[in-house]
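*Asks:* kindly generate the corresponding structure for this input.
(one chain, ligands or ions: 3)
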Amino acid sequence: MPFFRPEPEAARQASGRTGVLLCNLGTPDAATPPAVRRYLAEFLSDPRVVEIPPALWQPLLHGLILRRRPAASAKKYQSIWLPEGSPLLVYSRKQAVLLRGWLGERGVDVSVRLAMRYGQPSVAAELDALKAEGCTRVLVLPLYPQYSGTTTASVIDAVAAWSRSVRHVPELRFVNRFHDDAGYIDALARRVHEHWMADGRPDRLLMSFHGVPQRVVDAGDPYHGECLETARRLAQRLALREGDWAIAFQSRFGRAKWVGPATQATLEGWGRAGLKRVDVVCPGFVADCLETLEEIAIEGRAAFQAAGGGELRYLPCLNNHPAWLAALASLVQTHLQGWPVGR
Ligand SMILES: C=CC1=C(C)c2cc3[nH]c(cc4nc(cc5[nH]c(cc1n2)c(C)c5CCC(=O)O)C(CCC(=O)O)=C4C)c(C)c3C=C
Ligand SMILES: [Fe+2]
Ligand SMILES: [Fe+2]
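*Replies:* Ligands and ions are numbered 1, 2, ... in the order given. Modelled structure (predicted):
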């Protein structure tokens, strides 16, 4: 038995293609408790995500969390599920298809595939597929604008794990972050502006990012600082004054302290202050998902209004916005420099 798998025929040819692998977090393949349990079991067993020794964490995960959470989470997924499937997968797939088109229009002929870090389509299967298409160079672009060990580094781990089974490992490049990329900031600003042109400005704009445990940040994870930088640049680009906007962190998991201020508490505070209209944008997510469509647009709105607030408008993620696809294509082109990409 060889240690490494035989090379696919296309990968044995001399002139290799260039491939781009987009990678997002992953999502259950159905809005049912068993599917959510399978997804959470894989996701929450990753030591990048939960930094507790497995001997302590696994009994807790399987004995407690995976008994209760899947049913509650499945209900939430049901409330946002699209006819074609989970929003995160639907929008991310479309991004990969559109990116290929945008690059093609610019004369950049590369293979583009979408993978999910957890669940399907897997990183390993999509890297195999790129090799089968003859790719000997792969640019890996995690769809996380801000770097975190909990997300970006986990994609790098998955690529490294795959490479351990491969004889001819392609040349690899990673885009670790694009939190301050001018095209990304511009696309966010356009997204917000379009809503304001159609409906007018709110009393206040909340920029809500996914949170991470405080100890991750204390240990040197750059995520928090990069979120602050994205928010500062977006506020500047929208010519907002101090007091017109705020930053907050959502999706707390477990009992440990997470970075703050918390989105929910901020919205409740604004509700108690009697704000008539607030807009919420989630710049850390490039595709709508459970955390935006349910946690913000449903739970966040309910919390704001229960506290006495007026209207909460959720501004959708970048999804398939043309300004975002243009920015993504430019980001890829920048990182492909020096690699052959012509027809
Ligand atoms: C266990 C702790 C978690 C950390 C740390 C974490 C970091 C983190 N996550 C995202 C992006 C997404 N998270 C999503 C869902 C989600 N996140 C956690 C927990 C942690 N995330 C859980 C348990 C879940 C599942 C949903 C639930 O049961 O509540 C999603 C959405 C997935 C979907 O299917 O729609 C995204 C996207 C980032 C960016 C991040 C750190 C920077
Ligand atoms: Fe998360
Ligand atoms: Fe959540």
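
*Asks:* mind listing the strands for the stretch 201-343 of the chain?
*Replies:* 204-210, 245-250, 277-281, 311-315 (DSSP state E, counting those that start in this stretch).

*Asks:* ranking those strands by burial, who's on top?
*Replies:* Of all those, strand 204-210 carries the top mean neighbour count, a mean of 25, counting by mean count of other C-beta atoms under 10 Å. The way it works is simple: take the backbone N, C-alpha and C, and place the C-beta from them, glycine included.

*Asks:* contacts for that strand, please.
*Replies:* Residues from elsewhere that reach strand 204-210, judged by C-beta atoms under 8 Å, 6 or more residues apart in numbering: 146, 192, 227, 230-231, 234-235, 238, 240, 243-251, 263, 266-267, 270, 275, 278-285, 291, 296, 300.

*Asks:* so what's Ala35 up against?
*Replies:* Pro28, Asp29, Ala74.

*Asks:* can you list which of the residues you listed are found in strands?
*Replies:* Among the contacts of Ala35, none falls in strands (DSSP state E).

*Asks:* neighbour-wise, give me the winner out of the residues you listed.
*Replies:* Pro28 (28 neighbours; other C-beta atoms under 10 Å).

*Asks:* can you narrow the contacts of strand 204-210 to ones near ligand 1?
*Replies:* Ser251, Gly284, Phe285, Glu291 (C-beta under 6 Å from any ligand atom).

*Asks:* among those, which ones lie close to ligand 3?
*Replies:* Ser251, Glu291 (C-beta under 5 Å from the ion).

*Asks:* can you lay out the ones next to ligand 1 among the contacts of strand 204-210 as a markdown table showing neighbour count?
*Replies:* Formatted as a markdown table, these follow (neighbours: other C-beta atoms under 10 Å):
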| residue | neighbour count |
| --- | --- |
| Ser251 | 18 |
| Gly284 | 26 |
| Phe285 | 27 |
| Glu291 | 21 |
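
*Asks:* can you add pLDDT and distance to Trp196 and give the ones next to ligand 1 among the contacts of strand 204-210 back as a markdown table?
*Replies:* Formatted as a markdown table, these follow (pLDDT from 0 to 100; distance: C-beta to C-beta, whole Å):
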| residue | pLDDT | distance to Trp196 |
| --- | --- | --- |
| Ser251 | 92 | 26 |
| Gly284 | 98 | 21 |
| Phe285 | 98 | 20 |
| Glu291 | 98 | 23 |
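
*Asks:* mind listing the helices for this structure?
*Replies:* 33-43, 54-60, 66-80, 87-105, 123-132, 152-163, 182-199, 214-218, 223-237, 263-272, 301-306, 322-335 (DSSP state H).

*Asks:* Ala132 contacts Glu7, doesn't it?
*Replies:* No. The pair Ala132 / Glu7 is not scored as a contact, 9.9 Å apart, by C-beta atoms under 8 Å.

*Asks:* would you mind naming what in the stretch 51-200 of the chain lies close to ligand 1?
*Replies:* Residues of the stretch 51-200 of the chain lying near ligand 1 (C-beta under 6 Å from any ligand atom): Arg69, Ser73, Ser86, Leu88, Tyr144, Ser148, Thr150, Thr151.

*Asks:* what about 8 Å?
*Replies:* 69-70, 72-73, 76-77, 80, 86-89, 144, 146, 148, 150-151 (C-beta under 8 Å from any ligand atom).

*Asks:* for the closest residue to Val175 other than its chain neighbours, what are its contacts?
*Replies:* Excluding the flanking residues, the one nearest Val175 by C-beta to C-beta, 6 or more residues apart in numbering is Leu141, at 4.5 Å. Residues near Leu141 by C-beta under 8 Å, 6+ apart: Val20, Leu21, Leu22, Cys23, Phe174, Val175, Leu331, Val332, His335.

*Asks:* could you do Thr266 as well?
*Replies:* Leu206, Ala246, Ala248.

*Asks:* what's the answer for Pro340, then?
*Replies:* By C-beta under 8 Å, 6+ apart, the neighbours of Pro340 are Thr18.

*Asks:* tell me which of the helices of the chain lies nearest to ligand 3.
*Replies:* helix 66-80 (7.7 Å; C-beta to the ion).

*Asks:* point out the other helices and strands that the closest one packs with.
*Replies:* helix 33-43 (3 or more C-beta pairs under 8 Å, 6 or more residues apart in numbering; DSSP states H and E).

*Asks:* go again using 10 Å as the cut-off
*Replies:* Judged by 3 or more C-beta pairs under 10 Å, 6 or more residues apart in numbering; DSSP states H and E, the packing partners of helix 66-80 are helix 33-43, helix 87-105.

*Asks:* quick one: name the residues of this structure near ligand 3.
*Replies:* Residues of the chain lying near ligand 3 by C-beta under 5 Å from the ion: Ser251, Glu291, Glu295.
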